[in-house]
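Engineer: predicted structure and sequence below. I'll ask about it afterward.
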Amino acid sequence: MTPSEPSPNPPPALTQGDFVRLLMRNEPALRAYSRSLLPDWHLVDEVIQEASVTLWEKFDQLRDEAGFLPWAKVVVRFKCLSVIDRLRRDRHVFSDGVLELLAEEAEAFDVEERERSMRALRSCLEGFSPPHQELLLAPYSGEGRVTMLAEQAGKSANALYKLLGRLREKLAACIETRLQKEAL
Amino acid sequence: MNPNELIQHYLHGVATDAEVAELDRLLASDRALRRKLIVETGIDAGLCEIERERASQPSVVVPRRSAWFSWRPLTAAAAGIVFGMFCTSVVFAYAVPRMGMDRHRVVPLFNETFEDVKAVFGRGFPNDADGWSGDFEAVVSTDGAISPKEGQHMARLAPIAGRKFCAAERIVDLAKFPLISSTESRMVEVTASFHGMDSDWADRNQIRLAAFAEAPKDVKDIWNSDSRLDQVLQHLGRTVTVKPGEHGWQTLKVSMEIPTGARSLVIHLGAGVADDAGPKTLHYIDDVRAQFVITETTP
């Protein structure tokens, strides 16, 4: 068969339902990828929002499910660089060279590795006391949540942020240890 | 500051320009550090995901009286995945049947805690979208007994000669936040915290919102003209007086519907001593947040 000949069994066209399912499945990986290039979650939201619309508009270009994540990462990467260009006018951001290196590093962080890390994270998080779990999750549960917890505990927000920093270090160390054990 | 601390500052959004520059320099030559940053952002994303899973109840769904049985349009469903998912909100049901409900989703605009001590602010009314402008004097960590409301720093405002209030303003370019369909409408919610300096005098704090059909770069001339009220599509303000002796951080919140055809949204924060005979003192602002609440209405 020559390259120009059509395949006898072309893969079925991807449907709208496939798009939603693929986006849902890969969205955490895309958010993590964006976060590695962008300085805060608000910008990640903005990029994922814009990228999703682009992905939806161009979805008919995708030939198979396996290509979704690499394709989506390319779209997300361009959206991130566009946002960073805008930020550059007002604040210091990473240089183009470093962003390129970070993107390469983040792309090498494959789905399986991410899933292993996620399992280790869940397991390690359960090892913390409920108040410490709550504090570790507080930055993601609403604006001002850390401050509210500080008020409830009768502590300053700064003191709680310092505690949060120490807990994050412990969490990272726990995850690393688990992943190393798993690799043995 | 060691590299790990630089990474933590960066991740928590409190790194100064100098710290970002230093981290950039280190990352350029240290692959292990780049890997460390990727791992840390992965943990950040993982915690965010876990929190979202915990917030499993769609509290943003408000039943309406009508009981149409309909499928959510797929395009809106796809967008619903990504709008307003800043960890605090829930992932919407995707293309699921639903019965006569308005869906609300949140799109964060900004969360400003003035952590960049070297930030450069414009003077007077902003010339274009996105940046803060006004009577900014400095970003400070503490000033006497006054500490930031949120984070490590706050902005200090100083009134210019001849003006009673000091102001901080920014313009949002609404073209960057298009609605998905004609069945959607949106409100903007702005929250800001104010602190006066002289507790012997009553303070007056204010948030004003105004929507214009013109592009951001054209709003300044309108704002400074006598025809401002003729051209504004929608405006709303809230002013609260703080009694002498009751000083501390005061948080105001204002919501306004964004009318159809609006292109620019002006967010104005004002603070000053209420009494005309009072001193023109410094004022502080911190923890300024803005978000859209978008409502999708089922016919």
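Structural biologist: That came through fine.
Engineer: before we move on, what SS does the nearest residue to B:S185 once chain neighbours are set aside have?
Structural biologist: Excluding the flanking residues, the one nearest B:S185 by Cβ to Cβ, 6 or more residues apart in numbering or on different chains is B:T295, at 5.3 Å. (C-beta placed from N, C-alpha, C; glycine too.) Applying DSSP: H, G, I helix; E, B strand; the rest coil to B:T295 yields a three-state assignment of strand.
Engineer: against B:E184, how distant is B:T295?
Structural biologist: Using Cβ to Cβ, to the nearest Å, we find B:T295 at a distance of 7 Å from B:E184.
Engineer: now swap in B:F110 and tell me
Structural biologist: From B:F110 to B:E184 the distance is 21 Å (Cβ to Cβ).
Engineer: helices along chain A, start to end?
Structural biologist: A:16-37, A:41-57, A:68-87, A:96-108, A:111-126, A:130-137, A:145-153, A:157-183 (DSSP state H).
Engineer: what's the nearest residue to residue 165 if we skip its chain neighbours?
Structural biologist: Since you didn't name a chain, this refers to chain A. B:Q8 (5.7 Å).
Engineer: ah, no, chain B please
Structural biologist: Per Cβ to Cβ, 6+ apart, closest to B:F165 is B:G272, 3.6 Å.
Engineer: wasn't the one you found part of a strand?
Structural biologist: Yes - assessed by three-state DSSP, B:G272 belongs to a strand.
Engineer: that one: how many residues sit nearby?
Structural biologist: 25 (other Cβ atoms under 10 Å in any protein chain shown).
Engineer: A:L22 now?
Structural biologist: Residues near A:L22, counting by other Cβ under 10 Å: 20.
Engineer: for chain B, see how far away the most centrally placed residue in chain A is.
Structural biologist: A centroid search over chain A (Cα atoms, centre = their mean) returns A:A32, at 1.2 Å, as the residue closest to the centre. Distance from A:A32 to chain B, counting by Cβ to the nearest Cβ, to the nearest Å: 4 Å.
Engineer: so which helix or strand takes in B:M187?
Structural biologist: strand B:184-196 (DSSP states H and E).
Engineer: what's the closest non-adjacent residue to B:D287?
Structural biologist: In space, B:D287 is closest to B:E150, 3.8 Å off (Cβ to Cβ, 6+ apart).
Engineer: quick check: phi and psi at the one you found.
Structural biologist: B:E150 adopts backbone torsions of phi -140, psi 140, taken as degrees, to the nearest 10.
Engineer: thought it was touching B:T113?
Structural biologist: Yes - if you go by Cβ atoms under 8 Å, B:E150 and B:T113 touch, sitting 4.7 Å apart.
Engineer: need the residues touching each of the two.
Structural biologist: B:D286, B:D287 (Cβ atoms under 8 Å, 6 or more residues apart in numbering or on different chains).
Engineer: against B:A32, how distant is A:E169?
Structural biologist: 17 Å.
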